[in-house]
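[1] I would like the atomic coordinates for the input below:
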Amino acid sequence: MKRRLLLLIPLLVFLGLGFFLYRGLEMNPFARDSALLAKHFPPFTLTTLEAPSRRVDESLLKGEVTLVNVWAEWCPTCKEEMPQLLTLAERGVRLIGINYKDTRAKGLEFLDHFGRPFEVNIFDPDGDLGFELGVYGVPETFLVDTEGIIRYKHTGYITPEDVEKVIQEIEKWQQ
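    So this is what the prediction gives:
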């Protein structure tokens, strides 16, 4: 009798593990909220992509509602997202880019080819600012209010269908 019970233990463990793994398939990894929501944008001092001698810090994000987009030249979905970012810029949205784990030359080449929707591009070659933001894949986009507080996070690329949703979030925080 004890032997039969001992044989059932591995089966029960396997079934339990299988249940939890199956449940995990239903979860959307992009639905994760940022731990930084309702917190100030992390402090930083970095150069800009376009001007290596120009240093910027988190004060760049105060005074105006800003969409901060983390992107990279090596990211295929960042290329897909650029038309939507250009549309947002054309509609008057203030966009700041963070060029993440890239080289300056490759980042500039990317912008020359796909467009320049960003008012400023923060150059983050080592990914330190991305780490502070909790970036686990690019592109990721943060909405920062006039006080420099993160109010919304969009994980993954902004699709054409997402543009109106992003505009609504911006309008909510501009009031």
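[2] and the residue nearest the centre of the chain, how far is that from Arg116?
    Central residue of the chain (Cα atoms, centre = their mean): Glu140, 1.5 Å from the mean position. From Glu140 over to Arg116 the distance is 19 Å, taken as Cβ to Cβ, to the nearest Å. Yep, even glycine has a C-beta here, placed from its N, CA and C like the rest.
[3] related to what we said a few turns ago, for the residue nearest to the centre of the chain, which residues make a bridge with it?
    Val70, Thr155 (DSSP bridges).
[4] Need the pLDDT of it.
    pLDDT, Glu140: 96.
[5] And the one 10 residues further on, by the same measure?
    The predicted local confidence for Ile150 comes out at a pLDDT of 96.
[6] looking at this, it is in a strand?
    Yes. Counting by DSSP: H, G, I helix; E, B strand; the rest coil, Ile150 is located in a strand.
[7] Sketch out the strands for the chain, chain order is fine.
    45-47, 55-57, 66-71, 95-100, 120-124, 140-144, 150-155 (DSSP state E).
[8] mind giving me CSV with the ones you listed and columns for distance to Gly130?
    Putting the strands of the chain into CSV (distance: least, Cβ to Cβ, whole Å) gives the following:
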stretch, distance to Gly130
strand 45-47, 11
strand 55-57, 15
strand 66-71, 6
strand 95-100, 5
strand 120-124, 6
strand 140-144, 8
strand 150-155, 13
